[in-house]
Each structure stands twice: as C-alpha cells, then as structure tokens.
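Student: Sequence and predicted model, in that order:
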Amino acid sequence: MAEQNDSMSAMAIQICNQIQFVLSQATEERSALEVMVEEITGAAARSGRVFVNGVGREGLMLKALCMRLAHLGLSAHCVGDMTTPPISSQDLLITSAGPGCFSTVDAICGVARSNAARVLLLTAQPKSGSAAQYATAIAFLPAQTMADDHQPQLQSGNEPQLLPMGSLYEGVMFVLFEMVVFRLAKVLGQTPEAIRSRHTNLE
C-alpha cells in the first residue's frame with residue numbers, strides 16, 4: 001500500500017510540475033491570468049454578461065469556470081443551455097480552441113463578433129489556427145494539445161510527457177481558472193460568504 005501511495009504521489013507531483021512549467025513558459029506581454037481578469041472585469045463594468053463555450057474536455061473546464069463566475073455574482077451562461085440569452089455588444093464570450101481551431105468554435109465566435117461582443121480565446125496555437133481571427137483578446141497557454149501530441153515533448157527537468165492528447169492543456173485551464181476566480185473575488189469585492197451564498201441548494 002505504501003508503495004502504491006508513493007507512486008500516486010510521484011505521478012501527482014509530475015503532473016503538477018508539468019502544469020507549472022507550462023504556466024512559467026508564457027512569453028506574451030500580458031499573462032493569460034491578466035488577460036482573463038481584465039476581460040471579465042471589463043464585462044462586469046459594462047453590466048455585460050459572460051458566455052462560455054468549448055468542445056470536449058475544454059468545454060467541461062469552461063463550464064466549471066462558468067459556475068464560479070455565477071458564484072461571484074456575474075451573469076454567466078454556457079452556450080447551448082436552454083436558458084442562455086442572446087449575446088450583445090456589452091457581453092463577453094470566453095471560448096477555447098487548444099489546437100487552434102474547431103469548426104463549431106469558429107462558428108459561435110463569428111456569431112458573437114457579428115453582434116459586436118468581445119471574444120476572449122484561450123489557445124495553445126494563437127498563430128496557426130483559424131479561431132484567432134475572431135478574437136478581440138487571446139490568452140496564450142503553451143501546453144501540448146492534440147495538435148502536437150504525436151511529437152515527443154519534454155517538460156521541466158527533462159521529464160517525459162505524462163498526460164495524453166490535450167490533457168495537459170485542459171489541466172492548465174483548470175488551474176488558471178482557479179487563479180482567475182481568486183483574483184476576481186478580490187477585484188469585485190466578493191467575500192467567501194457572499195460567494196458561498198450563491199451556490200445552488202437544489203442538490
């Protein structure tokens with residue numbers, strides 16, 4: 001049992017190290033954290049709503065973020081939900097295309113832009129994918145996705161890549177979003193009690 005726990009702990013440390021390595025590699029003038037906090041607080045200042053959209057596991061990470069944005073008191077909606085309102089010029093769409101493009105993401109971004117909304121794109125491929133053409137802001141996450149998972153990559157300490165396909169990118173999204181929520185709580189003046197009070201009681 002002790003040997004199994006050591007192995008599990010070692011794997012967890014390796015995964016966390018790889019996420020930390022990705023977040024330390026960002027070379028843009030503004031970090032993904034700064035870009036996201038700025039865009040979301042901007043929408044709040046405009047009394048705008050925040051919409052999230054993504055496919056697959058990227059979409060699941062964004063749904064988790066949407067839940068926390070609602071807990072922060074923002075009007076937050078997942079694209080595709082039956083109660084999602086129409087997007088308008090005061091609003092912000094947060095979307096993700098880790099490999100640079102998904103046809104569905106491109107289409108939804110196009111609708112958002114045609115309605116003059118801002119579009120924040122998270123991606124690992126800001127220069128090679130079609131999704132970037134729709135973005136008014138880009139949060140760069142230089143993690144492995146399915147666009148390059150066939151290429152052997154080394155992470156911090158020359159460790160081999162542990163996570164398959166786009167799992168590292170999606171793990172980075174989760175950690176980044178927790179930092180975004182932490183920052184937003186301070187910027188928006190939200191106490192832990194106020195955030196907790198907005199959690200559903202229909203469970």
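Tutor: Cool, the structure landed. Numbering: from 1, shown residues only.
Student: okay, CA-based contacts and neighbour counts for the rest of this
Tutor: OK.
Student: now the strands for the protein?
Tutor: Along the chain, counting by DSSP state E, strands occupy 50-53, 76-78, 92-96, 118-123, 137-140.
Student: Could you identify which of these is most buried?
Tutor: strand 92-96 (a mean of 28; mean count of other Cα atoms under 10 Å).
Student: any residues touching that strand, and which ones?
Tutor: Strand 92-96 has contacts (Cα atoms under 8 Å, 6 or more residues apart in numbering) with 39-40, 43, 48-55, 58-59, 62, 105, 109, 112, 117-123.
Student: That one pairs with which strands, and in what direction?
Tutor: Sheet pairing of strand 92-96 (DSSP bridges) gives strand 50-53 (parallel), strand 118-123 (parallel).
Student: Please save the CA atoms from the last one in PDB.
Tutor: Output of strand 118-123 as PDB, limited to C-alpha atoms (Å, rounded to 0.1, in the frame of the first residue of the first chain):
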ATOM      1  CA  ARG A 118     -15.900  40.800 -27.300                       C
ATOM      2  CA  VAL A 119     -14.300  37.400 -27.800                       C
ATOM      3  CA  LEU A 120     -11.600  36.000 -25.400                       C
ATOM      4  CA  LEU A 121      -9.900  33.000 -26.900                       C
ATOM      5  CA  LEU A 122      -7.800  30.500 -25.000                       C
ATOM      6  CA  THR A 123      -5.400  28.600 -27.200                       C
END
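Student: looking only at pLDDT, what's the mean for the longest helix belonging to the chain?
Tutor: Using DSSP state H, we find that the single longest helix of the chain is helix 2-24. For helix 2-24, mean pLDDT rounds to 83.
Student: Likewise for stretch 34-53?
Tutor: The predicted model assigns stretch 34-53 a mean pLDDT of 97.
Student: Can I get the strands of the chain in JSON lines including distance to Glu203?
Tutor: Listed next are these as JSON lines, based on distance: least, Cα to Cα, whole Å:
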{"stretch": "strand 50-53", "distance to Glu203": "23"}
{"stretch": "strand 76-78", "distance to Glu203": "20"}
{"stretch": "strand 92-96", "distance to Glu203": "27"}
{"stretch": "strand 118-123", "distance to Glu203": "31"}
{"stretch": "strand 137-140", "distance to Glu203": "34"}
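Student: To Pro192, which of the strands paired with strand 92-96 lies closest?
Tutor: strand 50-53 (21.0 Å; Cα to Cα).
Student: distance of the spatially closest residue to Lys63 that is not a sequence neighbour from Pro85?
Tutor: In this structure, Lys63 finds its nearest non-sequential neighbour in Cys78, 6.5 Å apart by Cα to Cα, 6 or more residues apart in numbering. From Cys78 across to Pro85, the span is 10 Å (Cα to Cα, to the nearest Å).
Student: With distance to Tyr134 added, can I get the strands paired with strand 92-96 in JSON lines?
Tutor: JSON lines is the format used below for the strands paired with strand 92-96 (distance: least, Cα to Cα, whole Å):
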{"stretch": "strand 50-53", "distance to Tyr134": "14"}
{"stretch": "strand 118-123", "distance to Tyr134": "7"}
